[in-house]
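Visitor: A structural model of the following input is requested.
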Amino acid sequence: MTGDYKSKVATWKKDKVENLAKEISSSKTVAVLNMEDLPSKELQKIRENVGDKINLRMTRKTLLRLALDASGRKSASKLIEYIDEGMPALLLSELDSFELWQLLKDNMSESTAKPGQKAPFDIIIPAGPTSFAPGPILGELGDVGIKAGINAGKIEIKEDSLVVKDGEEINEKLSAILSRLNIRPMKLGLNLVVSLEDETLFLRKTLDVDSEEFAKNLGKSYSDAVKLAYGVGIINEATAKLLLQKAETDAMKLAYSQSILTDKVKDLLLVKANAEATKLTGEIGK
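Guide: Residues are numbered from 1 along each chain as shown. Sure, this is the predicted structure:
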């Protein structure tokens with residue numbers, strides 16, 4: 001009976017790995033999540049909001065590793081090193097990595113930082129006034145690296161202060177200060193650690209970009225590149241028309257300055273000749 005039980009368990013594991021490996025192989029994007037500190041109520045809410053855009057797979061770490069290794073996907077094994085972080089799960093989707101991360105971000109909610117949690121990004125306390133009256137909190141702010149003083153009867157933070165770096169642990173003192181300052185740096189949601197799209201790995205910090213700022217910077221870079229190419233006379237799809245217009249303008253200027261009759265400048269030359277003739281007539285008349 002014991003042997004039959006072990007056999008059934010082994011079969012269950014084998015089937016689980018095989019099915020998950022097939023899903024990994026056929027999905028456009030495979031991401032590793034850290035489900036640690038995510039309440040089940042919040043997870044259920046996210047599932048309802050995202051619908052069928054993602055498939056969440058949670059099982060033992062060993063089975064996740066085996067499935068990634070057995071998927072036949074060239075770079076899937078690179079995800080294995082991220083499986084040991086917290087409470088791992090796999091996320092499978094047909095969205096690209098940036099779309100996937102944006103979807104997850106849109107379904108996150110802010111939360112206070114608890115002692116022992118790791119900072120999701122560099123936490124910087126901005127300079128400026130506070131509502132605190134002078135008291136012990138002035139020293140407590142200093143204990144966590146916040147430079148503060150007293151101004152107009154209130155405590156004021158003198159300069160932007162980096163209190164914890166991305167990935168560092170938040171201690172009890174800092175947790176209390178962040179709470180008193182009403183800073184909620186933690187994000188409750190599906191915490192993406194890394195994603196694999198085609199054969200490219202994307203860490204969360206790579207995906208976490210401001211799309212509007214990115215588009216703005218991309219547009220500026222394009223404009224600067226066109227200006228540079230135009231300035232040095234490089235002909236390409238973006239500059240060809242501009243350079244032809246410049247060449248035509250330069251040719252017209254040359255023809256006009258040398259009084260060369262062409263279709264483009266003949267009217268200008270006639271106006272110029274008429275003006276010179278009128279001037280000359282006036283001088284003779286004197």
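
Visitor: CA only for contacts and neighbour counts going forward, please
Guide: Fine.

Visitor: next one: the residue most central in space within the chain from residue 190, what distance?
Guide: The chain has residue 209 as the residue nearest its centroid, 1.5 Å off, counting by Cα atoms, centre = their mean. Using Cα to Cα, to the nearest Å, we find residue 209 at a distance of 17 Å from residue 190.

Visitor: what's across from residue 109 in the sheet?
Guide: Note on residue 109: beta-bridge partners residue 188, judged by DSSP bridges.

Visitor: tell me how many other residues crowd it.
Guide: By other Cα atoms under 10 Å, 12 other residues sit near residue 109.

Visitor: from memory it sits against residue 191, does it?
Guide: No - counting by Cα atoms under 8 Å, residue 109 sits too far from residue 191 to count as a contact (11.6 Å).

Visitor: show me where this protein has helices.
Guide: With DSSP state H as the definition, the chain shows helices at residue ranges 2-26, 40-50, 61-70, 97-106, 137-143, 172-180, 204-207, 211-232, 240-257, 266-285.

Visitor: quick one, the last one and helix 240-257 angle?
Guide: What separates the directions of helix 266-285 and helix 240-257 is an angle of 20 degrees, with axes from the mean of the first three to the mean of the last three Cα atoms, to 10 degrees.

Visitor: now the helices of the chain in JSON lines, with distance to residue 32, mean pLDDT and mean neighbour count?
Guide: Listed next are the helices of the chain as JSON lines, based on distance: least, Cα to Cα, whole Å; pLDDT from 0 to 100; neighbours: other Cα atoms under 10 Å:
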{"stretch": "helix 2-26", "distance to residue 32": "11", "mean pLDDT": "76", "mean neighbour count": "14"}
{"stretch": "helix 40-50", "distance to residue 32": "16", "mean pLDDT": "88", "mean neighbour count": "13"}
{"stretch": "helix 61-70", "distance to residue 32": "10", "mean pLDDT": "93", "mean neighbour count": "20"}
{"stretch": "helix 97-106", "distance to residue 32": "12", "mean pLDDT": "92", "mean neighbour count": "18"}
{"stretch": "helix 137-143", "distance to residue 32": "36", "mean pLDDT": "92", "mean neighbour count": "15"}
{"stretch": "helix 172-180", "distance to residue 32": "27", "mean pLDDT": "92", "mean neighbour count": "16"}
{"stretch": "helix 204-207", "distance to residue 32": "10", "mean pLDDT": "86", "mean neighbour count": "14"}
{"stretch": "helix 211-232", "distance to residue 32": "22", "mean pLDDT": "81", "mean neighbour count": "12"}
{"stretch": "helix 240-257", "distance to residue 32": "46", "mean pLDDT": "84", "mean neighbour count": "14"}
{"stretch": "helix 266-285", "distance to residue 32": "71", "mean pLDDT": "78", "mean neighbour count": "12"}
